[in-house]
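Colleague: no FASTA, just this:
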């Protein structure tokens, strides 16, 4: 397990997360859950004005890896992500809440909901692996 301060330090060590302006807003050890958030800026939109799908995928990926890190420790990497887009996002902030579903040895299976303005815009499931 890690504290929110320790998680924020890890997030700040990721140049891409700093570029996007991602924040770690919740670490819930009891529920084995984390929440990442970012504001929707014009630079993150696609040609129709919606949040780019790659940003949604990034949020889901990073959130599930942080959740996996809650139970496996800090040396983890994403092994897989399966993402379903449900609706476009036109306003922020955008939040990704990931929870650990199951732990088996060096692997954690996590589920993620990505939402904006209380509307779920994407759901994902992924596998996080302990490395090293």
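Modeller: Sure, I can see it. If you're wondering where the values come from, they're calculated on a predicted model, not measured in any experiment.

Colleague: got any ranges where the protein has weak pLDDT?
Modeller: For the chain, applying pLDDT under 70 flags no range at all.

Colleague: Spell out, range by range, the helices that occur in the protein.
Modeller: Using DSSP state H, the helices of the chain run over 4-12, 15-20, 53-72.

Colleague: Deepest-packed of the ones you listed, please.
Modeller: helix 53-72 (a mean of 23; mean count of other Cβ atoms under 10 Å). Just so you know, the C-beta spots here come from the backbone N, C-alpha and C atoms, and that holds for glycine as well.

Colleague: show me what contacts the nearest residue to residue 3 once chain neighbours are set aside?
Modeller: Once flanking residues are discounted, residue 3 sits nearest to residue 27: 6.7 Å by Cβ to Cβ, 6 or more residues apart in numbering. Residue 27 is in contact with 2, 3, 4, 7, 33, 34, 70, counting by Cβ atoms under 8 Å, 6 or more residues apart in numbering.

Colleague: if I look at residue 27, how far off is residue 34?
Modeller: Here the criterion is Cβ to Cβ, to the nearest Å. By it, residue 27 lies 5 Å from residue 34.

Colleague: still on that earlier bit, which one of the contacts of residue 27 is nearest residue 40?
Modeller: Relative to residue 40, the closest of the contacts of residue 27 is residue 34; by Cβ to Cβ it sits at 20.1 Å.

Colleague: Tell me which residues touch the closest one, please.
Modeller: Here residue 34 is in contact with 7, 24, 26, 27, 28, 63, 66, 67, 70, 97, 98 (criterion: Cβ under 8 Å, 6+ apart).
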